[in-house]
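[1] give me coordinates for this.
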Amino acid sequence: MQVYEELQARGLLAQVTNEEEIRKMVNAGKATFYIGFDPTADSLHVGHFMALCLMKRMQMAGNKPIVLIGGGTAMVGDPSGRSDMRQMMTTETIAHNVECFKKQMSRFIDFSDGKAILVNNADWLLELNYIELLREVGACFSVNRMLTAECYKQRMEKGLSFLEFNYMIMQSYDFLELYKRYDCNMQFGGDDQWSNMLGGTELIRRKLGKDAHAMTITLLLNSEGNKMGKTQSGAVWLDPNKTSPFEFYQYWRNVADADVLKCIRMLTFLPLEQIDEMDAWEGAQLNEAKEILAYELTKLVHGEEEAEKAKSAAKALFAGGGNMENIPTTTLTDEDLTDGSIDILTLLVKGDMTKNRSEARRAVEQGGVTAGDEKISDVKKAYTKQELAGEGLLVKKGKKTFHKFVV
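    Here you go, the predicted structure:
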């Protein structure tokens with residue numbers, strides 16, 4: 001099976017501009033394609049995961065990826081899927097986030113020997129002359145047509161700023177620049193980017209008289225229609241300092257039964273024949289499928305050693321075996337204690353088990369917190385330095401969130 005057919009079989013493709021042309025190009029390893037990532041945080045997250053996996057698959061088939069870091073577009077903010085305007089960032093914050101992205105992406109994409117390119121659109125966008133842009137690029141866009149784009153609809157209800165309105169033009173200009181600089185002939189992106197991507201292909205046609213192509217990736221949604229990659233405490237990050245390998249493993253271990261096989265098909269690199277055999281799995285076998293999913297994705301993001309540790313820690317917690325040392329742990333110092341002790345609400349917040357003390361209080365009052373073997377009902381419950389010494393205190397919130405605290 002060639003790469004285009006595999007992408008289809010895995011359910012990754014949503015929309016394409018010219019299927020036969022794209023199929024031929026991709027299968028022959030002739031595509032130089034790009035995907036854009038706006039550095040709106042200092043880490044990539046699960047929302048970027050499918051795009052990274054797709055770039056890896058395409059590169060393995062001989063195609064050349066261009067990673068476009070949106071150091072320029074991040075100063076405007078993509079309105080797609082937003083009900084409010086994104087917070088504007090300083091150039092220093094954007095530069096820091098760009099460096100963090102570069103480091104994480106090298107786990108997925110081989111940048112050696114010119115096999116892939118990483119560029120920052122700040123290199124050309126920040127130097128643009130406004131009048132020149134209006135004349136050269138703005139004249140190619142119909143406002144009436146832009147206003148019908150799906151990416152603007154949600155923002156139109158609450159008020160679309162002129163700043164955000166320019167995002168489509170900037171993304172289209174990126175495609176034009178990449179075509180001219182690197183012979184980039186294809187753009188990939190999430191299905192919510194379709195309008196922006198078509199803007200780029202049309203701009204290339206009008207300015208250069210050349211054909212360029214666009215292909216969108218199916219959005220990773222759960223069985224309820226919501227984007228995957230969010231937890232109560234926020235996004236599931238690829239940075240181990242923001243989401244530990246154990247927490248990352250547990251996120252995938254706890255996906256719904258209805259979602260596990262779809263996730264294995266779309267996100268792992270297991271052979272399709274092996275996944276097809278799993279389609280008939282049910283009951284307890286789905287738990288095995290979840291363990292496979294969690295292990296494979298943790299190995300992909302954090303490496304085999306961390307995947308083994310996370311698997312062992314999960315086994316220790318849920319099956320009574322394995323290595324408890326690999327459970328997420330916070331080491332406390334005397335400065336964390338007040339009068340020689342620390343209360344349960346503070347522990348929950350310090351371990352990122354809840355966002356704040358109010359949420360921690362609700363968890364305790366609703367009977368959802370256990371420390372050691374004791375269910376906690378008193379929000380003032382506190383632990384001394386002696387009680388936290390040695391092997392420490394294992395705190396559990398709900399059925400699936402664990403954290404160990406030691407002094």
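[2] now do the helices in the stretch 201-350 of the chain.
    Under the criterion DSSP state H, counting those that start in this stretch, the stretch 201-350 of the chain contains helices at 245-253, 257-267, 272-278, 284-302, 304-318, 344-350.
[3] which one of those is the most hemmed in?
    helix 245-253 (a mean of 24; mean count of other Cβ atoms under 10 Å). Any C-beta I mention is one placed from the backbone N, CA and C, and that applies to glycine too.
[4] so which elements touch that one?
    Judged by 3 or more Cβ pairs under 8 Å, 6 or more residues apart in numbering; DSSP states H and E, the packing partners of helix 245-253 are helix 284-302, helix 304-318.
[5] keeping just the C-alphas, turn it into PDB.
    The C-alpha coordinates for helix 245-253 follow below in PDB (Å, rounded to 0.1, in the frame of the first residue of the first chain):
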ATOM      1  CA  PRO A 245       5.200  11.000  30.500                       C
ATOM      2  CA  PHE A 246       3.000   9.100  33.100                       C
ATOM      3  CA  GLU A 247       0.200  11.700  32.700                       C
ATOM      4  CA  PHE A 248       0.600  11.500  29.000                       C
ATOM      5  CA  TYR A 249       0.300   7.700  29.100                       C
ATOM      6  CA  GLN A 250      -2.700   7.900  31.400                       C
ATOM      7  CA  TYR A 251      -4.500  10.300  29.100                       C
ATOM      8  CA  TRP A 252      -4.400   7.800  26.200                       C
ATOM      9  CA  ARG A 253      -5.000   4.800  28.600                       C
END
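[6] quick one: mean pLDDT over it.
    Throughout helix 245-253, pLDDT has a mean value of 91.
[7] and for stretch 392-403?
    Rounded mean pLDDT across stretch 392-403 is 81.
[8] can you check the distance spanned by it, start to finish?
    End-to-end distance of stretch 392-403 (Cα to Cα, to the nearest Å): 10 Å.
[9] give the buried residues for it.
    392-397, 401-403 (16 or more other Cβ atoms under 10 Å).
[10] how far is that stretch from where the chain is centred?
    Put simply, stretch 392-403 sits 25 Å off its chain's centre (Cα atoms, centre = their mean, to the nearest Å).
[11] what domains does the record give for this protein?
    For the chain, automatic domain parsing gives the domain ranges 3-217, 230-326, 329-406.
[12] of these, give the one that comes closest to S223.
    domain 230-326 (3.9 Å; Cβ to Cβ).
[13] centre of the chain to the closest one, how far?
    The answer for domain 230-326 is 15 Å, by Cα atoms, centre = their mean.
[14] which of the helices of the stretch 201-350 of the chain sits closest to T216?
    Of those, nearest to T216 by Cβ to Cβ is helix 257-267, at 14.0 Å.
[15] thinking again about what came up before, reformat the domains of the chain as a markdown table; add distance to S223.
    Putting the domains of the chain into a markdown table (distance: least, Cβ to Cβ, whole Å) gives the following:
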| stretch | distance to S223 |
| --- | --- |
| domain 3-217 | 14 |
| domain 230-326 | 4 |
| domain 329-406 | 18 |
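[16] ok, which of those comes nearest E224?
    Per Cβ to Cβ, nearest to E224 of these: domain 230-326, 8.2 Å.
[17] how many residues are close by the residue nearest to G72 when sequence neighbours are not counted?
    For G72, ignoring the flanking residues on the chain, the nearest one in space by Cβ to Cβ, 6 or more residues apart in numbering is L125 at 3.0 Å. Here the number of neighbours of L125 (other Cβ atoms under 10 Å) works out to 20.
[18] for F108, helix, strand, or coil?
    Under the three-state scheme (DSSP: H, G, I helix; E, B strand; the rest coil), F108 adopts coil.
[19] where's the residue lying closest to it once chain neighbours are set aside, which helix or strand?
    Spatially, and ignoring its direct neighbours in sequence, F108 is nearest to L52 (4.3 Å; Cβ to Cβ, 6+ apart). Assigning secondary structure by DSSP states H and E places L52 in helix 46-60.
[20] show the backbone phi and psi for the spatially closest residue to G351 that is not a sequence neighbour.
    Spatial nearest neighbour of G351, excluding adjacent residues (Cβ to Cβ, 6+ apart): H403 at 3.7 Å. Main-chain dihedrals, H403, degrees, to the nearest 10: phi -160, psi 140.
[21] so H403 touches M353, yeah?
    Yes: assessed by Cβ atoms under 8 Å, H403 is found in contact with M353 at 5.5 Å.
[22] any shared contact partners between the two?
    347, 395, 397 (Cβ atoms under 8 Å, 6 or more residues apart in numbering).
[23] mind putting the helices and strands packed on helix 245-253 into CSV with mean pLDDT and distance to T268?
    Below are the helices and strands packed on helix 245-253 laid out as CSV (pLDDT from 0 to 100; distance: least, Cβ to Cβ, whole Å):
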stretch, mean pLDDT, distance to T268
helix 284-302, 94, 4
helix 304-318, 86, 12
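[24] present the ones you listed as a markdown table; the columns should include distance to M266.
    A markdown table is the format used below for these (distance: least, Cβ to Cβ, whole Å):
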| stretch | distance to M266 |
| --- | --- |
| helix 284-302 | 10 |
| helix 304-318 | 19 |
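[25] closest to D334 out of these?
    Here helix 304-318 is closest among the helices and strands packed on helix 245-253 (Cβ to Cβ), at 27.5 Å.
[26] contact partners for the residue nearest to G351?
    327-330, 347, 351-353, 394-395, 397.
[27] let's see 7 Å
    328, 330, 351, 353, 395 (Cβ atoms under 7 Å, 6 or more residues apart in numbering).
[28] can you give me every residue that contacts the third one?
    Neighbouring residues of G351 by Cβ under 7 Å, 6+ apart: 330, 395, 403, 405.
[29] distance-wise, check it relative to Q366.
    Plainly put, G351 is 18 Å away from Q366 if you go by Cβ to Cβ, to the nearest Å.
[30] the first one too?
    Using Cβ to Cβ, P328 is found at 22 Å from Q366.
[31] higher neighbour count, the two?
    Shown here are P328 and Q366; by other Cβ under 10 Å, P328 has more neighbours (19 against 10).
[32] residue contacts, V67?
    35, 37, 105, 109, 116, 118.
[33] strands paired with the helix or strand where it lies, and their directions?
    V67 is part of strand 64-69 when elements are defined by DSSP H and E. Sheet pairing for strand 64-69, assigned by DSSP bridges, gives strand 32-37 (parallel), strand 117-120 (parallel).
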